[in-house]
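[1] Next comes the sequence, and after it the predicted model I'd like to discuss.
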2 protein chains.
Amino acid sequence: MGNVRWGVIGSGYVAREFAQALAEVAGGQINAIWSNTNEHAKRFASSFGIPNVVRTVEELAHSDDVDAVYVASLNHLHFPHAYQAIQAGKPVLVEKPFTLNAQEAEKLIDAAREKRVLCMEAMWTRFVPAVREARRLAGTGVIGDVLGVEAALGMCQKKDVDSRFFRKEFGGGALYDMGVYPLYLVMDFMGMPTATESTAAILQETQVDESCSLSLRYPNGRSASIRCSITGVIEEDAVITGERGSIIIHPPLFRPYRLTLTTMPTEQVSRSERTKKGFLASVLSRLSGAGKPRSRTFKIPFNNNGYGYQVEEFMASLEKGEIENPTMPLSDTLNAMRIMDEARAQWRTARI
Amino acid sequence: MGNVRWGVIGSGYVAREFAQALAEVAGGQINAIWSNTNEHAKRFASSFGIPNVVRTVEELAHSDDVDAVYVASLNHLHFPHAYQAIQAGKPVLVEKPFTLNAQEAEKLIDAAREKRVLCMEAMWTRFVPAVREARRLAGTGVIGDVLGVEAALGMCQKKDVDSRFFRKEFGGGALYDMGVYPLYLVMDFMGMPTATESTAAILQETQVDESCSLSLRYPNGRSASIRCSITGVIEEDAVITGERGSIIIHPPLFRPYRLTLTTMPTEQVSRSERTKKGFLASVLSRLSGAGKPRSRTFKIPFNNNGYGYQVEEFMASLEKGEIENPTMPLSDTLNAMRIMDEARAQWRTARI
C-alpha cells in the first residue's frame, strides 16, 4: 500500500493527537478533514497541512482521495459516522467508546465484515510498549496463572454539566471516558468475564456516572476490578496478580512507561519449613530478606506521543489486507461494549 | 491499674509477637500461659520468663494472678476460649478473626457487655501509626469525600492441605487469614457497606478459599474492593480515593510505613478552560506540570514490632474502665464478621 491517505472525522483533542502521531510514523498522511464546525476544520487543516476540508461526512466517506477513515467525533456519533464510512467501503479506525452500546457495535461490526473492510477500535493503550511488555511477561508464565487484575483510571474534572463529559446524549460519563482503558487492560489478561457487577455514582443533574466500579467474575473464583472517575483522584495503575508473582503497570496508566515484575523464588515457596514456622513468620522472613520475592522495575519509553503505535498497527493490517487486527480484535470490542451495557443496566435498576 | 498481668492462650507465632511487643511497652507482663501442647507452653514460658504454665484454659480464666486474657489459639477456638475468659470476668483481647461467624461474635459481644468486661479484637493494623495518620489525613477533608478504597493482601504459600491455613475446621482460608486486614482498612474509611459481592477460588481438597475478592457497595454509587490470597502474590497496598485527592498506603500493608498523599490544587480543578481544552488535554497538562496534583510521600516508622500499639491501647482502655475501645469498637468487629459471612454464603451458592 505504501502510503495511506486518511480522512479524519472530528477536530478535537484526540484528532490532534492522531494527526501528531501520524506525522511521526511512516506510511500515512491526512488528506481530508471534516468537523462539525467548519471553522475548526479549517484551523485543524492549516495546523497539519491537510489539503481538503470537506463539508459533509458523506463527502469524506466517498472521496477517492481517502483510503481510510479515522472517526474522532463525539461519542454518540461514532456509530453513524463509522457506519457511513464502512458503507462507502472505507476501512475505519474508531475512537473509544466504539459505539454507545453493544447493539450499535454489532451493527458496525457486521457491516464491516460484510463489506470486508478493516475496522478497529482506537484503543491505543493496547499497543503501547509497556502494555505489550506486560502481556508478553504474563504470557511467559513467569507469574503463573493470573488470579486477578485491578486497574483504575481517573481525573479530577470540574463538574461542568454543559461539557460533553457530563452529557448523557453525547455519551458522557466516567465509564465511557476513563473506564474503557482499565476494562481493556483486564480483558488483555483475563478475557471475557462470566459476570459483571457494577456500582456508579450518578450525577443527579445529567444522569451520567461521575465515578464507577466494575467487579468482574471469572471461572474458578478469579476476579478483576476496575475503578474510574471523572471527578475523583484515582491512583492510575494496574496490578496483575498471579500465582507466583505480579506485574504492576505504574501510573500514569494512560501513558505507562514503568513495569514492576515481582516473582517468588520457587524454592522458597515450596520450602515446607516456612509453613511450619507459620504464615506470619514467612511474611516476616520475606520482609527481612530471606525468601524475599524478587522485584525488578523496568522503564519502557515511548517513541512518539503514544498514538503512533496503533496507527502503525492499523496501517500494517491494511497492508496485509486484514479486516481485523489481531491485537485489537472486534470480538474484544463487542465484549467490552456488552460489559459496559450490563454495568449501565445495573445502574438503572440499582437503588442502594 | 499500673501493671496488667496477662494470661496468654496459645503459643504460636502471633502469641510470640504479642509477648515481644509487651516486653517493649510499659504497663504489662505475661503471668500465665496455656497452650494445646504443654511442651510448647513450657518453651514459650521459658523464652519470655513467664512464671505460670497452666494446664487448662479454665484454670487460666479463673486465675487470680491474671488481669486480662489474650486469645491467640487456632481460629476455631477463639470463640470458646474468649467466652470462657469473659464468663470468668476477665477482659479479653481476641486475635483475628474474632470468631468463625457473626453468630459467635454476637454471643461473645453480648457476654462481654453483660459481664461489663473489656473485649477487643486484636486488629493490630488499625493502631499502627501509618494507618492512624491516613485516617487523620482523610478526616481533615484534604482529599474531599472518600469515593472508594481498594486494598489487597496476599502471600504465596505452599499448598499444604494439612496446615491450618488450608483446613476448614480450623478456620483456614485467605479471607480469615489475610482478607480481614484490607477489610478493616476499608471499614476505617467507609464504614459498613450496603451490599457485598464476593468471588473466591476454592481449594478443592479442603474447601477453603485460597484467594478471594470482595466488592463492597456504599450509598451514592460509591464502592470499595478488597482482594486477598494465601497462594497468590498480591500487591499489598491500599488506595483511598477521594474527590480531591488520594492517599496511598504503600506495601507492605501488614506493616505499612509509607503514605503518599496526592491533592489536586483547587484552582486547577475549577479552571473551566481545562474542560474546554478537553479531558485528555487536562491529563496531559497535568503530566507536563501545569495544574499538576501535588504528591508527597511520608515515612511513618514503628517504635516496636507493630503489635505494641494495640497492647498499649487495650491497657489504656482497661485503665479508663472502658468495656470497648473507641478505635476498635465491637460494632466494627460484628460488621466485619457479617460481611465475611455474606461472602462465604455467596461462595457456597455460586456456581460460576
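    Here it is on my side, so go on.
[2] hey, let's count contacts and neighbours off CA atoms from now on
    Will do.
[3] Helices of chain A, residue ranges please.
    A:13-24, A:38-48, A:57-62, A:78-87, A:102-115, A:129-139, A:174, A:180-190, A:266-269, A:272-277, A:279-287, A:308-320, A:330-349 (DSSP state H).
[4] Tell me which of the ones you listed is the most buried.
    helix A:174 (a mean of 28; mean count of other CA atoms under 10 Å in any protein chain shown).
[5] is that one anywhere near chain B?
    No: if you take CA under 8 Å from any CA of the partner chain as the test, helix A:174 misses chain B, and the best it gets is 11.1 Å.
[6] for that helix, what is the average pLDDT?
    When pLDDT is averaged along helix A:174, the result is 96.
[7] who touches it?
    Applying CA atoms under 8 Å, 6 or more residues apart in numbering or on different chains, the contact partners of helix A:174 are A:154, A:165, A:208-212, A:228-230.
[8] so how far is it off the chain centroid?
    Distance, stretch centre to chain centre, for helix A:174: 13 Å (CA atoms, centre = their mean, to the nearest Å).
[9] now swap in stretch A:126-146 and tell me
    Offset of stretch A:126-146 from its chain centre (CA atoms, centre = their mean): 16 Å.
[10] In contact with A:Glu106, which residues?
    With CA under 8 Å, 6+ apart, A:Glu106 has these contacts: A:Leu334.
[11] Return the residues of the stretch 1-150 of chain A in contact with chain B.
    A:12-14, A:147.
[12] Is it possible to get CSV of those residues that adds pLDDT?
    Formatted as CSV, those follow (pLDDT from 0 to 100):
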residue, pLDDT
A:Gly12, 95
A:Tyr13, 93
A:Val14, 95
A:Leu147, 93
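[13] of all the residues you listed, which comes closest to chain B?
    If you rank the residues of the stretch 1-150 of chain A next to chain B by distance to chain B using CA to the nearest CA, A:Tyr13 comes first, at 6.3 Å.
[14] so where is chain A shaky, pLDDT-wise?
    A:1-2, A:266-291, A:350-352 (pLDDT under 70).
[15] gap between A:Ala19 and A:Glu322?
    Distance of A:Ala19 to A:Glu322, given as CA to CA, to the nearest Å: 23 Å.
[16] Correct me if wrong: A:Glu235 contacts A:Glu150.
    No: here A:Glu235 lies out of contact with A:Glu150, judged by CA atoms under 8 Å, at a distance of 11.1 Å.
[17] Quick one: which of the contacts of helix A:174 is the most crowded by neighbours?
    Ranked by the number of neighbours (other CA atoms under 10 Å in any protein chain shown), these place A:Cys228 first, at 33 neighbours.
[18] quick one on the thing from earlier: farthest-apart pair in the contacts of helix A:174, please.
    Across those, the longest distance by CA to CA is 15.1 Å; it joins A:Gly154 and A:Val208.
[19] Now do the strands in the stretch 151-300 of chain A.
    A:195-202, A:209-217, A:223-229, A:238-242, A:245-249, A:258-263, A:294-299 (DSSP state E, counting those that start in this stretch).
[20] now the ones you listed in JSON lines, with distance to B:Thr260?
    Converted to JSON lines, these look like this (distance: least, CA to CA, whole Å):
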{"stretch": "strand A:195-202", "distance to B:Thr260": "25"}
{"stretch": "strand A:209-217", "distance to B:Thr260": "22"}
{"stretch": "strand A:223-229", "distance to B:Thr260": "19"}
{"stretch": "strand A:238-242", "distance to B:Thr260": "17"}
{"stretch": "strand A:245-249", "distance to B:Thr260": "17"}
{"stretch": "strand A:258-263", "distance to B:Thr260": "18"}
{"stretch": "strand A:294-299", "distance to B:Thr260": "19"}
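[21] Looking at those strands, which one is packed in the most?
    strand A:223-229 (a mean of 30).
[22] CA-only coordinates of that one in PDB, if you can.
    Taking Å, rounded to 0.1, in the frame of the first residue of the first chain, the C-alpha atoms of strand A:223-229 are listed here in PDB:
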ATOM      1  CA  SER A 223     -12.000 -11.900  39.700                       C
ATOM      2  CA  ALA A 224     -10.900  -8.500  38.400                       C
ATOM      3  CA  SER A 225     -11.900  -5.000  39.300                       C
ATOM      4  CA  ILE A 226     -11.800  -1.600  37.700                       C
ATOM      5  CA  ARG A 227     -12.500   1.800  39.100                       C
ATOM      6  CA  CYS A 228     -12.800   5.000  37.200                       C
ATOM      7  CA  SER A 229     -13.900   8.600  37.800                       C
END
